[in-house]
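Participant: Return atomic coordinates for the entry below.
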Amino acid sequence: APNEPVVKKGDCVEEGQLLGTSESFISSPVHSSVCGKVTDIKKVFHHSLGPAPAIFIERDDTKEDRTYTTQNIENLSAKDIVSKVRDAGLVGMGGAAFPTHVKLSVPEGKKIETLIVNGAECEPYLTCDHALMLSSGEEILKGIELIVKVLRPRDIVIAIENNKKGAISAFRKAIKTAATEELKSIKVVALETKYPQGGEKQLIKAISGSEVPPGGLPLDIGFLVQNVGTVNAIYEAVYLNKPLTQRIVTISGDCLERPGNYVLRVGTTILDALETSGAKLRGEVKKVIVGGPMMGFAQPTMDAPILKSTSGLLFLSEKAARSFEESPCVKCAKCVDVCPMNLVPTDLMKNIKAGRWDILEDLYIADCMECGSCNYSCPARIPLVHYIKEGKAAVQRKK
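Facilitator: Numbering: from 1, shown residues only. Down below sits the predicted model:
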């Protein structure tokens, strides 16, 4: 559900102050990432929603950044932890941006048996999760402890692809010397490096062999998957009372002189992020993508803001971002072979083109994770994900 502003034009706000909230359960409040003055409230371009309401704040450079001190959490109940997570505005930081407190509120009759902490960063270019695992391993383990206090899973797994050897080694060492038996029982699983390994349903199958049923959720079979960035944010929300106002973002692409991982404040525009990070441009930029090259969103403007779920900013040349003309389907079934959800993308496309929206739900269009594997493998260069997104939007409108 969308938030309603709790500030107005002309108000002075502090860093971490609540800006907007909703009474709906499936929602997430937003907070100011700077001290400053509210100059406007109007719609801006949101990378996946299109025009969306936003609060503009002119930063006051004379004020120092807010400091956060560690809180005593010994007497916090599971309910208290979930409440702090909600109040801090936490969402899934792997890209989906689903409210974290909702994920931690397991419905009656369901039980989480296995917690999987997702460090399987599988998109090309993106390394923000890897950087976080190397710099904040201790905080991530404390975040895991908090989730365990809420959900009481039987097993805990940290899943990392085997090309991230530094992160695997660091976690294994930290677990050996952990203070509690719960943390010492954590398994670090080194997974084969492949795409789209980072999807939660793919992780569950790779680790356990279990499959989430079509139309189902991981909790239906006793699993909960949380991104490492989200787990670190849970630590900060509970231990430091720190709302989600900044994150690590990979700034990369073949048009950059200094690609790297940078801590950026939520709300920073793409242009300002580029200028303040020092990741200088070289050559002509053909395409700017928020996220990774497979699942990210091309941007029509450099004024689009960094969001809580923004994992990367890619600046690509014409060579790297070349486009292709669609040609007729040759019925090779390559898209079917590579689909990690076992869907038939060509069937979806044909029914979408024909406007047969009632059939799409029977073909499990909602299960498509928009990973782009079908696009990448299609010799006819059919933009299958584009059609599927159109189909999903049409199904939603019908509802």
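Participant: Skipping adjacent residues, who's closest to the residue lying farthest from the centre of the chain in space?
Facilitator: Distance from the C-alpha centroid of the chain, by Cα atoms, centre = their mean, peaks at V330 (34.6 Å). Spatially, and ignoring its direct neighbours in sequence, V330 is nearest to A380 (5.6 Å; Cβ to Cβ, 6 or more residues apart in numbering). No exception for glycine: its C-beta is placed from N, CA and C like everyone else's.
Participant: Beyond the least confident helix or strand in the chain by mean pLDDT, next helix or strand please.
Facilitator: Evaluated with mean pLDDT, DSSP states H and E, the helix-and-strand set of the chain has its lowest mean pLDDT in helix 181-184, which scores a mean of 88. Next helix or strand after helix 181-184 toward the C-terminus (DSSP states H and E): strand 187-191.
Participant: Report the strands that pair with that following strand, each with its relative direction.
Facilitator: For strand 187-191, the paired strands and their directions (DSSP bridges) read strand 155-161 (parallel).
Participant: how about the strands in the stretch 201-350 of the chain?
Facilitator: Listed in chain order, the strands of the stretch 201-350 of the chain (DSSP state E, counting those that start in this stretch) span 223-227, 246-252, 260-265, 287-290, 297-298, 312-316.
Participant: And the contacts of the longest one?
Facilitator: Strand 246-252 is contacted by residues 33, 93, 125-128, 131-132, 229, 233, 259-266, 273-274, 277, 279, 306, 308, 310-315 when judged by Cβ atoms under 8 Å, 6 or more residues apart in numbering.
Participant: thinking again about what came up before, which parts of the least confident helix or strand of the chain are buried?
Facilitator: Within helix 181-184, the residues that count as buried by 16 or more other Cβ atoms under 10 Å are L183.
Participant: for stretch 311-322, same thing?
Facilitator: S311, G312, L313, L314, F315, L316, S317, A321.
Participant: what's the spacing between that stretch and its chain's center?
Facilitator: Here stretch 311-322 shows a centroid-to-chain-centroid distance of 19 Å under the convention Cα atoms, centre = their mean, to the nearest Å.
Participant: circling back to that earlier point, most widely separated two among the buried residues of stretch 311-322?
Facilitator: For the buried residues of stretch 311-322, the farthest-apart pair by Cβ to Cβ is S311 and S317; their separation is 21.0 Å.
Participant: contact partners of the least confident helix or strand of the chain?
Facilitator: Helix 181-184 has contacts (Cβ under 8 Å, 6+ apart) with L141, I144, E145, V148, I156, I175, K176, A178.
Participant: And those residues, which of them are buried?
Facilitator: L141, I144, E145, V148, I156, I175, A178.
Participant: any idea where the strands of the stretch 1-150 of the chain begin and end?
Facilitator: For the stretch 1-150 of the chain, the strands defined by DSSP E, counting those that start in this stretch occupy 4-5, 12-13, 18-21, 30-31, 36-46, 50-59, 114-119.
Participant: Would you list the phi and psi of the nearest residue to E236 once chain neighbours are set aside?
Facilitator: Closest residue in space to E236, ignoring its immediate chain neighbours: K242 at 4.2 Å, by Cβ to Cβ, 6+ apart. Note on K242: its backbone torsions stand at phi -100, psi 120 [degrees, to the nearest 10].
Participant: so K242 sits right up against H31, yeah?
Facilitator: No. Distance between K242 and H31: 9.5 Å, which falls outside the contact criterion (Cβ atoms under 8 Å).
Participant: Fine by me, thanks again.
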